[in-house]
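Peer 1: Fold the following, please.
(3 chains)
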Amino acid sequence: MPELPEVETTRRGVLPLLGGRRVSAVMVNDGRLRQPVTRDLETILVGQRLRDVERRAKYLLFQFESGALIVHLGMSGSLRVVPASAAKLAHDHVEIEFGAERVLRLRDPRRFGLVLWTADEPSKHALLAKLGPEPFDEAFCGDYLFDKSRGRSLAVKNFIMDGHVVVGVGNIYASEALFRAGIHPARAAGRVSRARYESLATQARLVLAAAIEAGGTTLRDFMRNDGEPGYFSQKLKVYGREGEACESCGGLIAMQVIGQRSSFYCGKCQR
DNA sequence: CTTTACGCCTGACGGC
DNA sequence: TGCCGTCAGGCGTAAA
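Peer 2: Okay, the predicted model is just below:
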(Lines give C-alpha, C1' and ligand atoms only; values in the text may rest on other atoms or scores of the structure.)
Protein backbone atom coordinates (compact mmCIF):
# COMPACT_ATOMS: atom_id res chain seq x y z
CA MET A 1 0.00 0.00 0.00
CA PRO A 2 1.27 3.44 -0.71
CA GLU A 3 3.15 4.90 2.22
CA LEU A 4 4.98 8.20 2.05
CA PRO A 5 7.94 6.88 0.01
CA GLU A 6 5.63 5.47 -2.64
CA VAL A 7 3.69 8.73 -2.79
CA GLU A 8 6.89 10.74 -3.14
CA THR A 9 8.14 8.33 -5.78
CA THR A 10 4.86 8.80 -7.60
CA ARG A 11 5.27 12.57 -7.44
CA ARG A 12 8.76 12.37 -8.89
CA GLY A 13 7.57 9.97 -11.55
CA VAL A 14 4.65 11.97 -12.89
CA LEU A 15 5.99 15.53 -12.57
CA PRO A 16 8.55 15.39 -15.43
CA LEU A 17 6.03 13.63 -17.66
CA LEU A 18 3.16 16.05 -17.11
CA GLY A 19 4.55 19.30 -15.73
CA GLY A 20 3.82 22.33 -17.92
CA ARG A 21 1.30 20.47 -20.06
CA ARG A 22 -2.35 21.32 -20.60
CA VAL A 23 -5.28 19.07 -19.84
CA SER A 24 -7.03 18.01 -23.04
CA ALA A 25 -9.68 15.71 -21.59
CA VAL A 26 -10.92 14.22 -18.34
CA MET A 27 -12.81 10.98 -17.84
CA VAL A 28 -14.31 9.95 -14.53
CA ASN A 29 -15.19 6.31 -15.02
CA ASP A 30 -16.18 5.75 -11.42
CA GLY A 31 -16.31 8.68 -9.02
CA ARG A 32 -17.18 6.64 -5.94
CA LEU A 33 -14.01 7.01 -3.93
CA ARG A 34 -13.69 7.72 -0.19
CA GLN A 35 -15.43 10.96 -1.00
CA PRO A 36 -17.11 11.36 -4.37
CA VAL A 37 -14.78 12.76 -7.01
CA THR A 38 -15.38 16.49 -7.47
CA ARG A 39 -18.29 17.05 -9.86
CA ASP A 40 -17.64 18.60 -13.24
CA LEU A 41 -13.96 17.81 -13.04
CA GLU A 42 -13.76 17.91 -16.81
CA THR A 43 -15.18 21.43 -16.97
CA ILE A 44 -12.75 22.57 -14.30
CA LEU A 45 -9.58 21.01 -15.67
CA VAL A 46 -9.71 21.01 -19.45
CA GLY A 47 -7.47 23.74 -20.85
CA GLN A 48 -5.56 24.27 -17.64
CA ARG A 49 -1.82 23.96 -17.46
CA LEU A 50 -0.25 21.78 -14.76
CA ARG A 51 2.20 24.02 -12.97
CA ASP A 52 3.64 21.63 -10.43
CA VAL A 53 3.07 18.45 -8.49
CA GLU A 54 3.70 18.79 -4.77
CA ARG A 55 3.23 16.49 -1.85
CA ARG A 56 1.93 17.11 1.66
CA ALA A 57 1.81 14.03 3.88
CA LYS A 58 0.44 11.31 1.59
CA TYR A 59 -1.57 13.79 -0.45
CA LEU A 60 -0.41 14.65 -3.94
CA LEU A 61 -1.18 18.25 -4.93
CA PHE A 62 -1.53 18.82 -8.64
CA GLN A 63 -1.16 22.58 -8.93
CA PHE A 64 -3.08 24.02 -11.85
CA GLU A 65 -3.55 27.62 -12.89
CA SER A 66 -6.78 28.20 -10.98
CA GLY A 67 -6.45 25.76 -8.11
CA ALA A 68 -5.23 22.36 -7.11
CA LEU A 69 -6.30 18.77 -7.48
CA ILE A 70 -5.79 16.91 -4.21
CA VAL A 71 -5.15 13.21 -4.79
CA HIS A 72 -4.78 10.54 -2.13
CA LEU A 73 -3.95 6.97 -3.11
CA GLY A 74 -5.62 5.44 -0.08
CA MET A 75 -4.77 1.77 0.40
CA SER A 76 -4.63 0.47 -3.10
CA GLY A 77 -4.31 3.46 -5.39
CA SER A 78 -1.66 3.97 -8.02
CA LEU A 79 -1.00 6.44 -10.80
CA ARG A 80 0.56 5.85 -14.15
CA VAL A 81 1.08 7.80 -17.35
CA VAL A 82 0.28 5.94 -20.53
CA PRO A 83 -0.78 6.69 -24.11
CA ALA A 84 -4.53 6.98 -24.60
CA SER A 85 -4.29 3.86 -26.76
CA ALA A 86 -3.08 1.75 -23.83
CA ALA A 87 -5.61 -0.76 -22.61
CA LYS A 88 -7.51 0.34 -19.54
CA LEU A 89 -7.07 -1.80 -16.47
CA ALA A 90 -9.83 -2.79 -14.12
CA HIS A 91 -10.40 -0.02 -11.55
CA ASP A 92 -8.94 2.79 -13.66
CA HIS A 93 -11.41 5.23 -12.11
CA VAL A 94 -10.14 8.64 -13.21
CA GLU A 95 -8.21 9.64 -16.33
CA ILE A 96 -6.70 13.03 -17.01
CA GLU A 97 -5.39 13.43 -20.53
CA PHE A 98 -2.50 15.76 -21.33
CA GLY A 99 -2.58 15.08 -25.05
CA ALA A 100 -3.11 11.63 -26.49
CA GLU A 101 0.35 10.40 -25.56
CA ARG A 102 0.21 11.18 -21.85
CA VAL A 103 -2.83 10.13 -19.92
CA LEU A 104 -2.68 10.10 -16.14
CA ARG A 105 -4.70 7.15 -14.90
CA LEU A 106 -5.72 6.61 -11.31
CA ARG A 107 -6.28 2.97 -10.51
CA ASP A 108 -7.72 2.13 -7.11
CA PRO A 109 -9.35 -1.28 -6.58
CA ARG A 110 -10.47 -0.62 -3.01
CA ARG A 111 -11.53 2.96 -3.69
CA PHE A 112 -10.15 4.39 -0.46
CA GLY A 113 -8.48 7.08 -2.51
CA LEU A 114 -9.51 10.66 -3.03
CA VAL A 115 -9.68 13.13 -5.91
CA LEU A 116 -10.79 16.60 -4.84
CA TRP A 117 -10.58 19.97 -6.49
CA THR A 118 -9.89 23.11 -4.49
CA ALA A 119 -9.67 26.62 -5.87
CA ASP A 120 -8.04 27.70 -2.62
CA GLU A 121 -4.58 27.08 -1.23
CA PRO A 122 -4.57 23.30 -0.61
CA SER A 123 -2.88 23.71 2.77
CA LYS A 124 -6.03 25.48 3.93
CA HIS A 125 -8.21 22.56 3.02
CA ALA A 126 -9.77 20.86 6.05
CA LEU A 127 -7.96 17.62 5.24
CA LEU A 128 -4.55 19.29 5.30
CA ALA A 129 -4.91 22.21 7.68
CA LYS A 130 -4.24 20.37 10.93
CA LEU A 131 -1.49 18.03 9.84
CA GLY A 132 1.74 17.75 11.78
CA PRO A 133 5.18 18.43 10.31
CA GLU A 134 6.75 16.47 7.47
CA PRO A 135 9.31 13.94 8.69
CA PHE A 136 12.02 15.77 6.75
CA ASP A 137 11.07 19.14 8.23
CA GLU A 138 13.50 20.32 10.87
CA ALA A 139 10.53 20.86 13.19
CA PHE A 140 10.34 17.07 13.43
CA CYS A 141 12.97 16.23 16.02
CA GLY A 142 13.48 14.49 19.33
CA ASP A 143 12.59 17.53 21.41
CA TYR A 144 9.34 17.97 19.49
CA LEU A 145 8.32 14.34 19.98
CA PHE A 146 9.33 14.42 23.63
CA ASP A 147 7.35 17.56 24.41
CA LYS A 148 4.33 16.45 22.40
CA SER A 149 4.17 13.05 24.09
CA ARG A 150 4.28 14.06 27.74
CA GLY A 151 1.28 12.73 29.58
CA ARG A 152 0.19 10.53 26.68
CA SER A 153 -0.53 6.93 27.58
CA LEU A 154 -1.12 5.53 24.11
CA ALA A 155 1.47 3.24 22.54
CA VAL A 156 4.42 5.08 21.00
CA LYS A 157 3.69 3.33 17.71
CA ASN A 158 0.21 4.83 17.55
CA PHE A 159 1.63 8.16 18.63
CA ILE A 160 4.01 8.42 15.69
CA MET A 161 1.34 7.18 13.30
CA ASP A 162 -0.93 10.07 14.29
CA GLY A 163 -0.93 12.59 11.47
CA HIS A 164 -1.30 15.42 13.94
CA VAL A 165 2.07 14.46 15.41
CA VAL A 166 4.01 13.76 12.21
CA VAL A 167 2.74 12.84 8.76
CA GLY A 168 3.70 10.00 6.50
CA VAL A 169 4.72 7.39 9.06
CA GLY A 170 2.36 4.54 8.25
CA ASN A 171 2.14 1.10 9.75
CA ILE A 172 5.15 -0.36 7.94
CA TYR A 173 7.61 2.44 8.60
CA ALA A 174 6.44 2.92 12.18
CA SER A 175 7.49 -0.67 12.90
CA GLU A 176 10.75 -0.23 11.03
CA ALA A 177 11.71 3.05 12.69
CA LEU A 178 10.92 1.73 16.17
CA PHE A 179 13.06 -1.35 15.55
CA ARG A 180 15.98 0.76 14.40
CA ALA A 181 15.58 3.02 17.44
CA GLY A 182 15.29 0.08 19.83
CA ILE A 183 11.94 1.19 21.21
CA HIS A 184 9.17 -1.30 21.97
CA PRO A 185 6.10 -0.34 19.92
CA ALA A 186 3.68 -0.84 22.82
CA ARG A 187 5.59 1.40 25.22
CA ALA A 188 3.55 4.37 26.40
CA ALA A 189 4.45 7.44 24.36
CA GLY A 190 4.83 9.50 27.52
CA ARG A 191 7.43 7.08 28.86
CA VAL A 192 9.98 7.37 26.09
CA SER A 193 13.03 9.48 26.94
CA ARG A 194 14.14 12.56 25.07
CA ALA A 195 17.29 10.81 23.85
CA ARG A 196 15.32 7.86 22.52
CA TYR A 197 12.91 10.18 20.73
CA GLU A 198 15.94 11.83 19.15
CA SER A 199 16.97 8.43 17.86
CA LEU A 200 13.43 7.67 16.69
CA ALA A 201 13.18 10.89 14.69
CA THR A 202 16.54 10.18 13.08
CA GLN A 203 15.72 6.57 12.26
CA ALA A 204 12.30 7.48 10.87
CA ARG A 205 13.93 9.96 8.53
CA LEU A 206 16.62 7.49 7.52
CA VAL A 207 14.30 4.62 6.72
CA LEU A 208 11.93 6.87 4.78
CA ALA A 209 14.81 8.40 2.86
CA ALA A 210 16.20 4.98 2.01
CA ALA A 211 12.81 3.86 0.73
CA ILE A 212 12.46 6.99 -1.43
CA GLU A 213 15.96 6.35 -2.73
CA ALA A 214 15.02 2.78 -3.62
CA GLY A 215 11.92 4.04 -5.39
CA GLY A 216 14.01 6.20 -7.66
CA THR A 217 15.20 3.16 -9.52
CA THR A 218 11.67 2.26 -10.58
CA LEU A 219 10.55 5.61 -11.94
CA ARG A 220 10.48 4.33 -15.50
CA ASP A 221 7.66 2.01 -14.44
CA PHE A 222 5.25 4.92 -14.55
CA MET A 223 5.20 4.55 -18.29
CA ARG A 224 4.30 0.89 -18.19
CA ASN A 225 0.76 -0.35 -18.42
CA ASP A 226 1.24 -3.56 -16.50
CA GLY A 227 1.76 -4.26 -12.87
CA GLU A 228 2.00 -1.72 -10.11
CA PRO A 229 3.96 1.33 -11.18
CA GLY A 230 6.51 3.06 -9.07
CA TYR A 231 6.46 0.66 -6.19
CA PHE A 232 9.41 -1.29 -5.00
CA SER A 233 10.43 -3.93 -2.56
CA GLN A 234 12.12 -2.19 0.30
CA LYS A 235 14.33 -4.23 2.56
CA LEU A 236 12.27 -4.42 5.73
CA LYS A 237 13.90 -5.65 8.91
CA VAL A 238 10.83 -6.55 10.97
CA TYR A 239 7.60 -5.76 9.13
CA GLY A 240 5.93 -8.96 7.97
CA ARG A 241 8.71 -11.09 9.42
CA GLU A 242 7.01 -12.69 12.39
CA GLY A 243 8.91 -15.79 13.49
CA GLU A 244 12.03 -14.91 11.54
CA ALA A 245 15.37 -14.23 13.18
CA CYS A 246 16.17 -10.67 14.19
CA GLU A 247 19.17 -9.60 12.11
CA SER A 248 20.61 -7.84 15.14
CA CYS A 249 20.36 -10.42 17.95
CA GLY A 250 19.11 -13.60 16.28
CA GLY A 251 15.99 -13.71 18.47
CA LEU A 252 12.57 -14.25 16.98
CA ILE A 253 10.61 -11.33 15.60
CA ALA A 254 7.21 -11.01 17.27
CA MET A 255 3.88 -9.70 16.08
CA GLN A 256 1.35 -8.00 18.27
CA VAL A 257 -1.79 -6.09 17.39
CA ILE A 258 -1.45 -2.59 18.83
CA GLY A 259 -4.27 -0.15 18.27
CA GLN A 260 -5.91 -2.48 15.74
CA ARG A 261 -2.73 -2.61 13.69
CA SER A 262 -0.27 -5.44 13.21
CA SER A 263 3.03 -4.46 14.76
CA PHE A 264 6.30 -6.29 14.30
CA TYR A 265 9.23 -6.02 16.67
CA CYS A 266 12.11 -7.79 18.38
CA GLY A 267 11.33 -8.24 22.07
CA LYS A 268 15.02 -8.44 22.91
CA CYS A 269 16.26 -5.40 21.01
CA GLN A 270 13.25 -3.19 21.67
CA ARG A 271 12.32 -2.04 25.16
C1' DC B 1 -9.14 16.85 26.28
C1' DT B 2 -7.51 11.76 25.04
C1' DT B 3 -8.55 7.34 23.47
C1' DT B 4 -11.10 3.79 21.11
C1' DA B 5 -14.09 1.73 17.66
C1' DC B 6 -15.80 1.64 13.28
C1' DG B 7 -16.76 2.17 8.39
C1' DC B 8 -15.31 2.75 3.81
C1' DC B 9 -14.02 -1.35 -0.12
C1' DT B 10 -12.31 -5.32 -2.69
C1' DG B 11 -8.59 -8.68 -3.66
C1' DA B 12 -6.02 -12.36 -1.62
C1' DC B 13 -5.94 -16.28 0.93
C1' DG B 14 -7.04 -20.21 4.02
C1' DG B 15 -10.32 -23.70 5.31
C1' DC B 16 -13.56 -26.89 4.09
C1' DT C 1 -12.89 -26.89 -7.76
C1' DG C 2 -15.46 -23.46 -5.67
C1' DC C 3 -17.61 -21.10 -2.01
C1' DC C 4 -17.24 -18.30 2.03
C1' DG C 5 -15.32 -16.00 5.93
C1' DT C 6 -11.53 -13.17 7.38
C1' DC C 7 -8.04 -9.96 6.91
C1' DA C 8 -5.51 -5.96 5.33
C1' DG C 9 -5.07 -0.98 5.70
C1' DG C 10 -5.15 5.21 5.75
C1' DC C 11 -7.79 8.12 7.61
C1' DG C 12 -11.98 10.59 8.94
C1' DT C 13 -15.58 10.54 12.19
C1' DA C 14 -18.38 9.31 16.06
C1' DA C 15 -18.57 7.82 20.49
C1' DA C 16 -16.84 6.87 25.06
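Peer 1: and A:Ala204, what pLDDT?
Peer 2: In this model, A:Ala204 is scored at 93, pLDDT.
Peer 1: Does the residue lying closest to it once chain neighbours are set aside lie in a helix or a strand, and which?
Peer 2: Computed as CB to CB, 6 or more residues apart in numbering, the closest residue to A:Ala204 that is not its neighbour in sequence is A:Ala177, at 4.0 Å. Glycine gets a C-beta too; all of them are placed from N, C-alpha and C. Using DSSP states H and E, A:Ala177 falls within helix A:171-181.
Peer 1: What's the first helix or strand after that helix?
Peer 2: Using DSSP H and E, the next helix or strand after helix A:171-181 towards the C-terminus is helix A:194-215.
Peer 1: Any buried residues in that following helix, and which?
Peer 2: A:196-201, A:203-205, A:207-208, A:211-212, A:215 (16 or more other CB atoms under 10 Å).
Peer 1: Pull out the buried positions in stretch A:51-63.
Peer 2: Neighbour counts over stretch A:51-63 (16+ other CB under 10 Å) mark A:53, A:55-62 as buried.
Peer 1: ok so, going back, residues contacting the residue nearest to A:Ala204?
Peer 2: Listed by CB atoms under 8 Å, 6 or more residues apart in numbering, the contact set of A:Ala177 reads A:160, A:169, A:200, A:203-204, A:207.
Peer 1: Same check on A:Val37?
Peer 2: So, once contact is read as CB under 8 Å, 6+ apart, A:Val37 ends up touching A:28, A:31, A:93-94, A:115-116.
Peer 1: For PyMOL, write the select line for the buried members of those.
Peer 2: Remark: buried members of the contacts of A:Val37, expressed as a PyMOL selection using 16+ other CB under 10 Å:
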select buried, chain A and resi 28+93+94+115+116
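Peer 1: from the contacts of A:Val37, which is closest to DNA strand C?
Peer 2: Using CB to the nearest atom of the strand, A:Leu116 is the member of the contacts of A:Val37 that lies nearest DNA strand C, at 10.8 Å.
Peer 1: what's the pLDDT at that closest one?
Peer 2: What the model reports as pLDDT for A:Leu116 is 92.
Peer 1: Is it in contact with A:Leu33, as I believe?
Peer 2: No: with contact defined as CB atoms under 8 Å, A:Leu116 does not count as touching A:Leu33 (9.1 Å).
Peer 1: Could you name the helices and strands sitting against the strand or helix carrying A:Asp143?
Peer 2: Using DSSP H and E, the element containing A:Asp143 is helix A:142-149. The helices and strands touching helix A:142-149, judged by 3 or more CB pairs under 8 Å, 6 or more residues apart in numbering; DSSP states H and E, are helix A:156-161, helix A:194-215.
Peer 1: what does the stretch 101-250 of chain A put close to DNA strand B?
Peer 2: Taking CB under 7 Å from any atom of the strand as the contact definition, the stretch 101-250 of chain A meets DNA strand B at A:109-112, A:151-154, A:158.
Peer 1: what's the most distant pair in these?
Peer 2: With distances taken as CB to CB, the most widely separated pair in these is A:Pro109 and A:Gly151, at 40.9 Å.
Peer 1: okay, the two: which has more neighbours?
Peer 2: A:Pro109 (15 against 8; other CB atoms under 10 Å).
Peer 1: which SSE is the more buried one in?
Peer 2: A:Pro109 belongs to no helix or strand, assigned by DSSP H and E.
Peer 1: Do I have it right that it meets A:Ser76?
Peer 2: Yes: between A:Pro109 and A:Ser76 a contact is recorded at 4.7 Å, counting by CB under 8 Å.
Peer 1: Poorly predicted segments of the stretch 1-150 of chain A, please.
Peer 2: Across the stretch 1-150 of chain A, the ranges flagged by pLDDT under 70 are A:1.
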